[in-house]
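Asks: give me the fold of what follows.
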Amino acid sequence: MKHTIDSWIRGTAVLLLLAGATACSTPGDGDGDGGGGGGDASPTVSIDTPADGATFASGASVSFTGSADDAEDGDLTASLSWTSDLDGSLGAGGDVSASLSDGTHVVVASVSDSAGQNASDSVTVTVGEDGGGGPGGTRDVGFIVVDEVDPINSPDPAATVAVSGNGGFVRFDADIPDAFFTDPWEQLVGTCEVTTTTVTDPFQGLPFPDVGLTFLEAGAAVDVTSSGAPYLELDRNEFTLGGDTIIGYETADDLAGSLNASLAADVPGDEFPAVTNAEFPDVASFSLTAPADPGSTGSVGVDTTFEWTGTSADANTIVMIDFSTTDFVTTTYVTCYAEDTGSFALPDETKTELGAGFTGSVDQASRESIRVETVGDARLLLTVSRSESFFPPILIPIP
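Replies: Predicted structure coming up:
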């Protein structure tokens, strides 16, 4: 099951990307409007959810979350006050839910510290008029990923380049802004994500989307064609994780050989609408050229520069680099999203998070491209990934 989790959520990043689009927000300046206060610093306020510009259906309960902090008074989250310019007071604290009247609301979270210094943050949300998947955004989104993997230095002598496919269809509780679909990678490119798991809880720390969503039925199987001929069949499967039902589509077996050209998807449809001959993007072959021997232990440090063959000027094409380190009890995974310029260095915040002494090895690196198809009120993200996977030397821990 972990392979399925990795491929659907961590490996492809598409579902995480979608979830992030519903949860991102535009923070205010947090400076407040208080006076000097004899050197007392103003508090800071941040609204975490919903996203600025989010839209909701009439009658929906909208959840607002945020935090407040002050250098002198500490955590002031419990003192946050929430107001709407249309409906007035919404409540207090770090997590408030309210059924807002139809219209466009400016919702403000504000706080005052013990010295009378004020601070606030705000978001704009629309209820009813543009809500529920109308012009303001989209809630039903499908993603289909076709992945070519070249198993570099595999311990299996029979391993060869192979192609597989996976996907899912999701309804979010809040709209994904239409702007996301113009440049899906914008919020991730140039960043890295660090997660940690333990041997007793291998899913702990993985970036599962912390947003409301429901998996949708899309038929018994999704077909991928190449130049109009059958190529891959993604069969429906289902399992339960943390009490939630997850419905996904995945090839039963990998298909040996390099990726075919002129790919398209046929979705039979059910809760998610039917789609015929939805074209995938074309993606050039990919090879990581630096660091040398990427899969070897210690090949990656915080000052490593990653290099690869080819470049792309397409904003919908990026390079993803996965590397990790483990002591056989705890494993730290790092996923970086790089502009496809031919090279990438870790951002300063990732270097700080990992620490100067970090060493690891590359697990996988890929060139990925997304094409977005509009299907009625829904959107379908068609992704092609061409990747290399790396295998560290097999080490047996000494008891």
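Asks: contacts and neighbour counts: CA atoms only from here.
Replies: OK.
Asks: which strand residues bridge Ser343?
Replies: Beta bridges link Ser343 to Glu307, judged by DSSP bridges.
Asks: quick one: contacts for it?
Replies: By Cα atoms under 8 Å, 6 or more residues apart in numbering, the contact list for Ser343 reads Thr305, Phe306, Glu307, Trp308.
Asks: in which helix or strand does Tyr337 reside?
Replies: Per DSSP states H and E: Tyr337 is located in strand 330-339.
Asks: again, but for Phe180
Replies: Using DSSP H and E, Phe180 falls within helix 178-182.
Asks: report the buried residues of that helix.
Replies: Neighbour counts over helix 178-182 (16 or more other Cα atoms under 10 Å) mark Asp178, Phe180, Phe181 as buried.
Asks: got these as TSV, with distance to Ser89 and pLDDT columns?
Replies: Listed next are those as TSV, based on distance: Cα to Cα, whole Å; pLDDT from 0 to 100:
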residue	distance to Ser89	pLDDT
Asp178	29	76
Phe180	31	79
Phe181	34	83
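Asks: specify which member of the residues you listed is nearest to Gly53.
Replies: Among the buried residues of helix 178-182, Asp178 lies closest to Gly53 (Cα to Cα), at 10.1 Å.
Asks: isn't the closest one right up against Arg139?
Replies: No: look at Asp178 against Arg139 with Cα atoms under 8 Å: they stay out of range, at 10.2 Å.
Asks: got the domain ranges for this protein?
Replies: For the chain, the structural domains run 31-127, 135-389, going by automatic domain parsing.
Asks: weakest of those domains by average pLDDT?
Replies: With a mean of 83, domain 31-127 has the lowest mean pLDDT of these.
Asks: now the strands for the stretch 101-250 of the chain?
Replies: Under the criterion DSSP state E, counting those that start in this stretch, the stretch 101-250 of the chain contains strands at 103-112, 118-127, 137-151, 162-177, 191-198, 213-215, 221-226, 229-241, 244-250.
Asks: mind putting those strands into JSON lines with mean neighbour count and distance to Gly91?
Replies: Shown next, in JSON lines, are the strands of the stretch 101-250 of the chain (neighbours: other Cα atoms under 10 Å; distance: least, Cα to Cα, whole Å):
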{"stretch": "strand 103-112", "mean neighbour count": "22", "distance to Gly91": "10"}
{"stretch": "strand 118-127", "mean neighbour count": "23", "distance to Gly91": "15"}
{"stretch": "strand 137-151", "mean neighbour count": "24", "distance to Gly91": "27"}
{"stretch": "strand 162-177", "mean neighbour count": "23", "distance to Gly91": "21"}
{"stretch": "strand 191-198", "mean neighbour count": "17", "distance to Gly91": "34"}
{"stretch": "strand 213-215", "mean neighbour count": "18", "distance to Gly91": "25"}
{"stretch": "strand 221-226", "mean neighbour count": "21", "distance to Gly91": "46"}
{"stretch": "strand 229-241", "mean neighbour count": "15", "distance to Gly91": "33"}
{"stretch": "strand 244-250", "mean neighbour count": "20", "distance to Gly91": "30"}
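Asks: out of those, nearest to Pro281?
Replies: Nearest to Pro281 among the strands of the stretch 101-250 of the chain is strand 137-151 (10.3 Å), distances taken as Cα to Cα.
Asks: in terms of secondary structure, what does that closest one contact?
Replies: In terms of contacts (3 or more Cα pairs under 8 Å, 6 or more residues apart in numbering; DSSP states H and E), strand 137-151 is packed against strand 162-177, strand 378-389.
Asks: partner strands of that strand, parallel or antiparallel?
Replies: Note on strand 137-151: by DSSP bridges, its sheet partners are strand 162-177 (antiparallel), strand 378-389 (parallel).
Asks: could I get these as CSV with distance to Asp293?
Replies: Formatted as CSV, these follow (distance: least, Cα to Cα, whole Å):
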stretch, distance to Asp293
strand 162-177, 21
strand 378-389, 12
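Asks: between those, which one is closest to Arg367.
Replies: With Cα to Cα, the closest approach to Arg367 among these belongs to strand 378-389: 5.4 Å.
Asks: that closest one: how far from the chain's middle?
Replies: Its chain's C-alpha centre and that of strand 378-389 lie 13 Å apart, by Cα atoms, centre = their mean, to the nearest Å.
Asks: for that strand, C-alpha coordinates in PDB please.
Replies: Extracted in PDB, the C-alpha atoms of strand 378-389 (Å, rounded to 0.1, in the frame of the first residue of the first chain):
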ATOM      1  CA  ALA A 378     -14.300  20.200 -13.600                       C
ATOM      2  CA  ARG A 379     -10.600  20.200 -14.400                       C
ATOM      3  CA  LEU A 380      -8.400  17.300 -15.400                       C
ATOM      4  CA  LEU A 381      -4.700  17.600 -14.800                       C
ATOM      5  CA  LEU A 382      -2.700  15.400 -17.200                       C
ATOM      6  CA  THR A 383       0.900  14.800 -16.100                       C
ATOM      7  CA  VAL A 384       3.800  13.100 -17.800                       C
ATOM      8  CA  SER A 385       6.900  12.300 -15.700                       C
ATOM      9  CA  ARG A 386      10.200  10.900 -17.100                       C
ATOM     10  CA  SER A 387      12.500   9.900 -14.200                       C
ATOM     11  CA  GLU A 388      15.500   8.100 -12.900                       C
ATOM     12  CA  SER A 389      15.500   6.100  -9.700                       C
END
